[in-house]
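> Here is a sequence together with a model predicted from it:
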Amino acid sequence: MNIFVLLKQTFDTEERIVIQNGEISDDGVKYVINPYDEYAVEEALLQRDQHGGTVTVVGVGPERTAEALRTALAMGADEAVLIGNDGLESDEYTVSRLLAAYLEKQSADLILGGNFSVDSGGGQVAVRLAELLGLPHTSSVTKLAIDGQKAAVERDAEGDTETLEVALPAVFTAQQGLNDPRYPSLPGIMKAKKKPFHHIAPAELGITDEAAAKTKRVSLSLPPQRQAGRILQGDYAQQAAELVNLLRTEAKLI
C-alpha cells in the first residue's frame, strides 16, 4: 500500500501564547507535530506493517516544518516531503491546493491526517483535499480495518459511534483513541537521517498566485482577563437578590 500522511507543525501545547502587533510571537517557541497528526502517523505505520507498502509524510510550511517531518521519519515513516510556502500567504484553501497538486501525481491507496490542528482548529484541510482529489472522506476515525480495496471504520459522532464501509483510495482523519503513538527511538532517529527527504516549491507543482489565501485575519486578541470571584453576603434571600442584580447590571445576562 502507498500510504500518505498529512502532517502539520504546531506550537507545543505547553507554550504560552504571546501576541505582538496583532500576530502570535514565535520567539523562542517550541514546535512539535500536531498531536492529532501523531495518531495519523502511528496508524499509517500499523497499516503498513500489516499490509506492506510505504509511508510518506507530507507537510506544507516553512523550512522549520522539516523538524516535525524528521520526527515522523524517526517514528518509522519511510520518506518525507516538504512543500514550501515561504512568501505565499496561505490558509486552509492554500494548503489543500498544494497538497492536492502533489498527491494527484502520486498513486495513493490511503491518505491519513489529524482530525484538526490544535492551533487553528479549522479541520478543513483533509475535507478540502478529498474534494479536490475526488476521493471519499471520513473524519474523526477511532478504528480502521482494511480488507482489500475496502476499509471498515468507526468514527466519533458527537458521543456516539458510527460504523462505515469506505472504498479505497480514501481520506481519513484520526481522532484521539485511534491508537497510542510511539516515541521515536534512538535507532529510529539515526535511521531517519538516511531516509529520503524531498523539498518541493509551489512553482514545481504548477501552483502560483491562484492558490493565495481566500481568507484574511482581521484581528487577533487574547480572551479578556478573568475577573476575581466575589462572595455574596447576607442570608440566602439577600444573596439571591444580589446575584440577580449583578447578572442584570454587570454581567448583562438577563
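Okay, I see it.

> What ranges in the protein fall below the confidence cut-off?
For the chain, residues meeting the criterion pLDDT under 70 lie at 87.

> show me where it has strands.
2-7, 9-11, 19-20, 23-24, 31-33, 54-61, 79-84, 110-114, 137-147, 150-157, 160-167, 170-174, 197-200 (DSSP state E).

> can I get these in a markdown table with distance to R217 and mean neighbour count?
Placement of C-beta: from N, CA and C, glycine included. Formatted as a markdown table, these follow (distance: least, Cβ to Cβ, whole Å; neighbours: other Cβ atoms under 10 Å):
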| stretch | distance to R217 | mean neighbour count |
| --- | --- | --- |
| strand 2-7 | 22 | 24 |
| strand 9-11 | 16 | 20 |
| strand 19-20 | 12 | 10 |
| strand 23-24 | 9 | 12 |
| strand 31-33 | 20 | 19 |
| strand 54-61 | 17 | 24 |
| strand 79-84 | 21 | 21 |
| strand 110-114 | 22 | 28 |
| strand 137-147 | 25 | 18 |
| strand 150-157 | 29 | 17 |
| strand 160-167 | 34 | 12 |
| strand 170-174 | 24 | 26 |
| strand 197-200 | 26 | 14 |
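
> And these: which comes nearest E92?
Among the strands of the chain, strand 54-61 comes nearest to E92, with 10.4 Å by Cβ to Cβ.

> What strands line up against the closest one, and which way round?
Counting by DSSP bridges, the strands paired with strand 54-61 are strand 2-7 (parallel), strand 79-84 (parallel).

> center of the protein, which residue is that?
S117 (3.3 Å; Cα atoms, centre = their mean).

> That residue contacts K8, doesn't it?
Yes - contact between S117 and K8 holds when scored by Cβ atoms under 8 Å: they sit 5.1 Å apart.

> joint contacts of these two?
N34, D37 (Cβ atoms under 8 Å, 6 or more residues apart in numbering).

> which other residues reach the helix ranked longest in the chain?
Scanning the chain for the helix with the most residues, using DSSP state H, yields helix 35-51. Helix 35-51 is contacted by residues 1, 3, 5-8, 10, 13, 33, 54-55, 57, 72, 75-78, 110, 112-118, 144, 146, 173-176, 178-182 when judged by Cβ under 8 Å, 6+ apart.

> Go through that helix and flag the buried ones.
If you call a residue buried by 16 or more other Cβ atoms under 10 Å, then helix 35-51 has these buried ones: 35-48.

> That helix: how far from the chain's middle?
14 Å (Cα atoms, centre = their mean, to the nearest Å).

> Mind exporting the C-alpha coordinates of that helix to CSV?
Taking Å, rounded to 0.1, in the frame of the first residue of the first chain, the C-alpha atoms of helix 35-51 are listed here in CSV:
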residue,chain,number,x,y,z
PRO,A,35,-0.9,16.0,18.3
TYR,A,36,-3.7,14.7,16.2
ASP,A,37,-1.3,14.1,13.3
GLU,A,38,0.7,11.8,15.6
TYR,A,39,-2.3,9.4,15.6
ALA,A,40,-2.3,9.5,11.8
VAL,A,41,1.4,8.7,11.6
GLU,A,42,1.0,5.8,14.1
GLU,A,43,-2.0,4.4,12.2
ALA,A,44,-0.1,4.6,8.9
LEU,A,45,2.8,2.6,10.4
LEU,A,46,0.4,0.0,11.8
GLN,A,47,-1.3,-0.4,8.4
ARG,A,48,2.0,-0.6,6.6
ASP,A,49,3.3,-3.3,9.0
GLN,A,50,0.1,-5.3,8.5
HIS,A,51,-0.4,-4.9,4.7
